[in-house]
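>>> sequence unavailable; structure follows:
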């Protein structure tokens, strides 16, 4: 997200704020294996450290995800991107954006350049 779009982002609704506060507490009490939330003072933008899964090309590598929650979360999906350096993968662009596109003919996600 660019700085201009970050300033244009609307504040969280009361429902979104309550939901994210609840989810953050749950994360702190019972964090998912291989993930770590980097504490900031911004409830609307989370930075998550991800450790590559054992037995994969990404084993023992650490990556950071930026999760931006929209005004009407959870009714709207958050935007998730990898911060630099993004892992090398066919469905992850060099700018960190993740391709989740799917065509009608294929069972696996595909991305266009």
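In hand now; what should we look at? If you're wondering where the values come from, they're calculated on a predicted model, not measured in any experiment. Numbers count the residues shown, from 1 in each chain.
>>> and the residue most central in space within the chain, what helix or strand is that in?
The chain has residue 80 as the residue nearest its centroid, 3.0 Å off, counting by Cα atoms, centre = their mean. Using DSSP states H and E, residue 80 sits in strand 79-82.
>>> that older thread, for the residue nearest to the centre of the chain, give me its contacts.
Neighbouring residues of residue 80 by Cβ atoms under 8 Å, 6 or more residues apart in numbering: 65-68, 98. Yep, even glycine has a C-beta here, placed from its N, CA and C like the rest.
>>> among these, which two are most distant?
68 and 98 (12.8 Å; Cβ to Cβ).
>>> residue 67 is in contact with residue 46, correct?
Yes: look at residue 46 against residue 67 with Cβ atoms under 8 Å: they come within range, at 4.4 Å.
>>> those two: who's more crowded?
With neighbours defined as other Cβ atoms under 10 Å, residue 46 and residue 67 compare such that residue 46 has more, 21 against 14.
>>> just the strands from the chain, written as ranges.
For the chain, the strands defined by DSSP state E cover 35-38, 45-51, 62-68, 79-82.
>>> could I get those strands in TSV, plus columns for mean pLDDT?
Formatted as TSV, those follow (pLDDT from 0 to 100):
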stretch	mean pLDDT
strand 35-38	90
strand 45-51	94
strand 62-68	95
strand 79-82	95
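>>> and the longest helix for the protein?
helix 14-29 (DSSP state H).
>>> buried stuff in that helix?
Going by neighbour count (16 or more other Cβ atoms under 10 Å), the buried part of helix 14-29 is 16-17, 19-20, 23.
>>> swap in stretch 59-78?
Those would be 63-66, 68-70, 73, for stretch 59-78 by 16+ other Cβ under 10 Å.
>>> sounds good, over and out.
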